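Asks: sequence unknown, structure follows:
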């Protein structure tokens, strides 16, 4: 059984080969050197970073449910990373992000190339269009992987594929909610919970677990276990993300902090201030929400997160959800060896700095 | 055997039911009334227009290859219209189109709602993001239809699904080329031919034909027939589109004309002027390319298309390709009854005004 770190070392060469082959096949149909360049670049972007947490979660459940064909299972779990890249590429277009994994995003890469070549037209618009299309391509390839994989019984593939489609519905809906929340003056905690369920619990934990479990075993229904464990892990994971956006190290994160503030995003942390902060803390937060802050303002807003108790409360909630997750694991029907794997995963989560 | 018009009457209620059910299922997962509204709107947009030519082409080949289960075949061909809506929704984001089928595009609809509700943030950006997500959703649903359809032998579904993925690769690549061409001062005829092959011949004819044929019959390989016939029909269809963009009736088209000029698009028609027009005609065209023209300029540029011989030459090429298509049909192994259906389709194409 691989640790997350070992898994990435096994997984990435398979991912690289998949993309190299698929891109090569795709590009035989065009003579346009410019298109070849940015489609090739999408491979580099994919491999420059990422924790591979979703395929790893699927792998853990696959093994825990008695799956033995690790090699072919990993080939199928590539789809989870490819669909994740699709989501990230489209996200980067939506929030105009210029870097991802420490390298230029697709649209930023295309934009520079168009400028260098002195091409005509609206360069920003055209480079965003190409990035949307690269995202579409990754989405299509992710789903195609299920079709091409004939190393498992058709019932297993069909069931796993079905969970995959549920996951896609959920992450798209979660992202719709995410964007809708940024346009609101205030978001009810219920809406933030709904977003977290769809965009993190289901997408990062519940569905990958179900995909892994169903690929190994179609007779043992693990839906309730996946849902209850994945919900807890998802809340903890999302709150860690939100917390790292406040107190994380930009170098380790490979991205700037306080993006949620700049993006006018409401989180459990901002809601804590809006509900329990002093009048002054609320006013300052509302004034800064949706703005790019300078160094002093950043320090000021971090202090508010700290002084209001939002950070302390958040840390407590993260810990509580991870403890709840441990209880769910301990009460499950998994063998002791597999319980230990799940506990190890929680340890990895507790230690995460990015 | 339905005519295209009769087919639409049978097809649209099935399409409407699919979307109504799928959207209802999707929206059970959210309490956000705003998201409910624009996702529901995507059904109205889909049903406000469109010729259903791609599912019809698949249907014709399905019948021609001996397919008998029309009802379930049509349920599968819904995927061709849903994937087409995905492409149109993303296209509308890319070229910032405000209307489609005579009603507001998704992003335009969302944008108005956000403004009416006085929501904060970058309204244009947020509404484009929601439209990208609705497009993603349609894409996912289109592919899911193959998974859900268990009314055909698995070999037929798998083969049809395989052609479907090829088609998706091709239309995405065709759209990448389309956009890349708009950024170029001049596009070689070869590149325009490549774009037409991918974006029109393969997408609108070859692959839908193969999907229909393989759903009916997996032993009779019709790839060569589909490729040769679809190529001819695709060139004719694309050139008709380009021609209607010059001399079509905006009311019948349900869109403005001379969009290719405004979008800095190179077509067989613009290339004809750039290669064979007078110096003055070339200069005027180059000056207008990429610009929104006023009434006088529009008349001027239409006159150039006419005086240079681009329109006459284009009409000749359309006719020639349709004649070639008839020869391919006459020499095929199809029964006489099915040959007649194909000839009828060409008649419909010849008469098209939109």
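Replies: Looks like it arrived, so ask away. Everything quoted here is computed from the prediction, not taken from an experiment. Numbers count the residues shown, from 1 in each chain, chains lettered A, B, ... in the order given.
Asks: which residues are in contact with stretch A:215-233?
Replies: A:58, A:61-63, A:65-67, A:73, A:76, A:152-153, A:155-157, A:159-160, A:197, A:201-202, A:204-207, A:209-210, A:213, A:321-322, A:324-325, A:328-329, A:332-333, A:342, A:346, A:349 (CB atoms under 8 Å, 6 or more residues apart in numbering or on different chains). Just so you know, the C-beta spots here come from the backbone N, C-alpha and C atoms, and that holds for glycine as well.
Asks: Quick check: mean pLDDT of it?
Replies: When pLDDT is averaged over stretch A:215-233, the result is 93.
Asks: Just give me how far that stretch sits from the chain centre.
Replies: Centroid displacement of stretch A:215-233 relative to its chain, using CA atoms, centre = their mean, to the nearest Å, is 19 Å.
Asks: If we go by neighbour counts, what in that stretch is buried?
Replies: A:215-218, A:222, A:225-233 (16 or more other CB atoms under 10 Å in any protein chain shown).
Asks: of all the residues you listed, which two lie farthest apart?
Replies: Maximum pairwise distance in these, criterion CB to CB, is 25.3 Å, between A:218 and A:232.
Asks: Next one: residue A:314 from residue B:157, what distance?
Replies: 48 Å (CB to CB, to the nearest Å).
Asks: Out of the contacts of stretch A:215-233, which end up buried?
Replies: A:58, A:61-63, A:65, A:67, A:73, A:76, A:152, A:156-157, A:159-160, A:197, A:201-202, A:204-207, A:209-210, A:213, A:321-322, A:324-325, A:328-329, A:332, A:342, A:346, A:349.
Asks: Mind checking which of these are in helices?
Replies: A:58, A:61-63, A:73, A:76, A:156-157, A:159-160, A:207, A:209-210, A:213, A:321-322, A:324-325, A:328-329, A:342, A:346, A:349 (DSSP state H).
Asks: Which ones, among the residues you listed, also lie beside chain B?
Replies: Contacts with chain B within those, counted by CB under 8 Å from any CB of the partner chain: none were found.
Asks: quick one: average pLDDT of stretch A:17-25?
Replies: 98.
Asks: Flag every buried residue along that stretch.
Replies: Those would be A:18, A:19, A:22, A:23, for stretch A:17-25 by 16+ other CB under 10 Å.
Asks: What of stretch A:314-324?
Replies: So, applying 16+ other CB under 10 Å, buried residues of stretch A:314-324: A:314, A:317, A:318, A:321, A:322, A:324.
Asks: can those residues go into JSON lines with extra columns for pLDDT?
Replies: As requested, the buried residues of stretch A:314-324 are arranged in JSON lines below (pLDDT from 0 to 100):
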{"residue": "A:314", "pLDDT": "97"}
{"residue": "A:317", "pLDDT": "97"}
{"residue": "A:318", "pLDDT": "96"}
{"residue": "A:321", "pLDDT": "97"}
{"residue": "A:322", "pLDDT": "96"}
{"residue": "A:324", "pLDDT": "97"}
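Asks: Going by distance to chain B, which of these wins?
Replies: Sorting the buried residues of stretch A:314-324 by distance to chain B puts residue A:321 at the head of the list, at 21.1 Å, by CB to the nearest CB.
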